[in-house]
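Trainee: Predicted coordinates and the sequence they were generated for:
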Amino acid sequence: MRNRRMKYLGIIAVLLMLTFTACSGKKDNKTNDNTNKELKQSNVTDSNEEDNTEPTVKTDATILTVGDIKVPYNEVMVYVLLLKELYEPNFTNVIWDYKLDTGATFGQMAREEVLNQIIQLKIMTMEAHNFNTVLTDDELIEIENYANEYLAGIKEEDREKYGIDYDTVFKICKDNFLSEKVFDVATMDVDTSISDEEAKQVTVYQIEVSTASKDKNGEVIALSDEEKEAALNKAKKLLKKVKKEEDFYTFALSNSDDSQVEYTIGRGDKSDEYIDAAFALEEGKISKVIEDESGYYILYCVDSFNEDATAQKKEEIISQRQDEAFQKLYKEWLGNYKVKIKQEIWDEIQF
């Protein structure tokens, strides 16, 4: 299980990282580095000490009821420990007190995602019979192996502290496996036919002459008309120069306002003007100067049809269609089940 994370546990981690990145305003490839700096500069103290506080509730106490299924405290703590294992090595334990733009802490956001995903898992397992979906004997054996491996990876003190045993982990693994099968069956009628044109990806090198800047608060400031004209003249001069160069990439590295030169893109990734020009280029050809709202661009076509990226994009489109179909279905299911939370026990769940 360490090598193959349970699907819905992984979903929680992905959702949290996407939320964290969006809410904290970090959209570049240095998210972790920048976030670590902010955490160190914040007023949150990293004690680097183990949390030795004993839970004040029984570890098998029911914390949540979904339909007829009762979810105990120790089951929830498996999810909590997983997230701690995923995040604290990179961000330390101060991550949980980090304030998001929403005003909530990352720990509060994590608690909500854990709750929502557990509810979803339980409802999916209860809906399994409507799809005649069950786990096979081979799958149960596989789950047993995963459960043993996963349990072995949990610290002994955490197992004792939170009452986590084999049965606890086996139940979680079983829920995840069954839910994944339910998802597959429930979305099996989704249209998976994607044309090459719809998913088409091309690879280009670019030279950018930006027509916008940012103030100290990160707000975009448009250039004046005179400055834009100067930027256009610069782009035209660069176009003349690059046509004489043998190596577009090296020239772009030294003359582009964007430090990234190579892009593999499709519809929706850039402006229509940019994409139309990129799609019209033949391999080895250079575009004219392209203008959009963020700048002037000169493109060089590296691959007019990137087969691997196009195939990956098709999978992404199919996955998106499946997720949309499932969420619509799940919204209906959710209305059929009563969910009860024991708030005083839920409040014990902290990161």
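Mentor: Now that the structure is in, tell me what you want to look at.

Trainee: can you pull out the helices in the stretch 151-300 of the chain?
Mentor: For the stretch 151-300 of the chain, the helices defined by DSSP state H, counting those that start in this stretch cover 156-162, 166-186, 196-199, 225-242, 248-255, 272-280.

Trainee: Out of those helices, the one nearest G266 is which?
Mentor: Closest to G266 of the helices of the stretch 151-300 of the chain is helix 196-199 (Cβ to Cβ; 6.7 Å). C-betas here are computed from N, CA, C, even on glycine.

Trainee: contact partners of the closest one?
Mentor: 266-267, 305, 310-311, 313-314, 317 (Cβ atoms under 8 Å, 6 or more residues apart in numbering).

Trainee: Tell me which of these fall in helices.
Mentor: With DSSP state H as the criterion, helices contain 310-311, 313-314, 317 from among these.

Trainee: then stretch 214-230 to CSV, C-alphas only?
Mentor: Output of stretch 214-230 as CSV, limited to C-alpha atoms (Å, rounded to 0.1, in the frame of the first residue of the first chain):
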residue,chain,number,x,y,z
LYS,A,214,3.2,43.6,-11.7
ASP,A,215,3.2,46.0,-8.7
LYS,A,216,4.5,45.2,-5.3
ASN,A,217,1.2,43.6,-4.4
GLY,A,218,1.3,41.3,-7.4
GLU,A,219,-1.4,43.2,-9.3
VAL,A,220,-1.1,43.3,-13.1
ILE,A,221,-0.3,46.7,-14.5
ALA,A,222,-0.8,47.2,-18.3
LEU,A,223,1.8,49.1,-20.2
SER,A,224,1.0,52.5,-21.7
ASP,A,225,0.3,52.8,-25.4
GLU,A,226,3.9,54.1,-25.9
GLU,A,227,5.4,51.3,-24.0
LYS,A,228,3.3,48.7,-25.9
GLU,A,229,4.5,50.2,-29.2
ALA,A,230,8.0,49.9,-28.0
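
Trainee: hmm, back to that, would JSON lines of the ones in helices among the contacts of helix 196-199 with distance to K99, pLDDT and neighbour count be doable?
Mentor: Rendered in JSON lines, the data for these read as follows (distance: Cβ to Cβ, whole Å; pLDDT from 0 to 100; neighbours: other Cβ atoms under 10 Å):
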{"residue": "T310", "distance to K99": "41", "pLDDT": "98", "neighbour count": "20"}
{"residue": "A311", "distance to K99": "41", "pLDDT": "97", "neighbour count": "14"}
{"residue": "K313", "distance to K99": "36", "pLDDT": "97", "neighbour count": "21"}
{"residue": "K314", "distance to K99": "39", "pLDDT": "97", "neighbour count": "19"}
{"residue": "I317", "distance to K99": "36", "pLDDT": "96", "neighbour count": "16"}
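
Trainee: between those, which is closest to A104?
Mentor: Proximity of the ones in helices among the contacts of helix 196-199 to A104 was ranked by Cβ to Cβ; the top entry is I317 with 32.2 Å.

Trainee: Touching, the closest one and I194? I think so.
Mentor: Yes - taking contacts as Cβ atoms under 8 Å, I317 lies within contact range of I194: 5.3 Å.

Trainee: Distance to L151 for the contacts of helix 196-199 - can I get that in CSV?
Mentor: Output for the contacts of helix 196-199, formatted as CSV (distance: Cβ to Cβ, whole Å):
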residue, distance to L151
G266, 43
R267, 46
F305, 48
T310, 42
A311, 38
K313, 38
K314, 38
I317, 38
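
Trainee: wait, which of those residues is closest to I275?
Mentor: Using Cβ to Cβ, R267 is the member of the contacts of helix 196-199 that lies nearest I275, at 6.0 Å.

Trainee: excluding its backbone neighbours, what's nearest the closest one?
Mentor: Computed as Cβ to Cβ, 6 or more residues apart in numbering, the closest residue to R267 that is not its neighbour in sequence is I275, at 6.0 Å.

Trainee: How about A309?
Mentor: The nearest residue in space to A309 (Cβ to Cβ, 6+ apart) is Q201, at 3.7 Å.

Trainee: returning to that earlier point: can you redo the helices of the stretch 151-300 of the chain as JSON lines with mean neighbour count and distance to E139?
Mentor: Compiled in JSON lines, these are given as follows (neighbours: other Cβ atoms under 10 Å; distance: least, Cβ to Cβ, whole Å):
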{"stretch": "helix 156-162", "mean neighbour count": "15", "distance to E139": "25"}
{"stretch": "helix 166-186", "mean neighbour count": "19", "distance to E139": "6"}
{"stretch": "helix 196-199", "mean neighbour count": "14", "distance to E139": "32"}
{"stretch": "helix 225-242", "mean neighbour count": "14", "distance to E139": "57"}
{"stretch": "helix 248-255", "mean neighbour count": "16", "distance to E139": "49"}
{"stretch": "helix 272-280", "mean neighbour count": "17", "distance to E139": "44"}
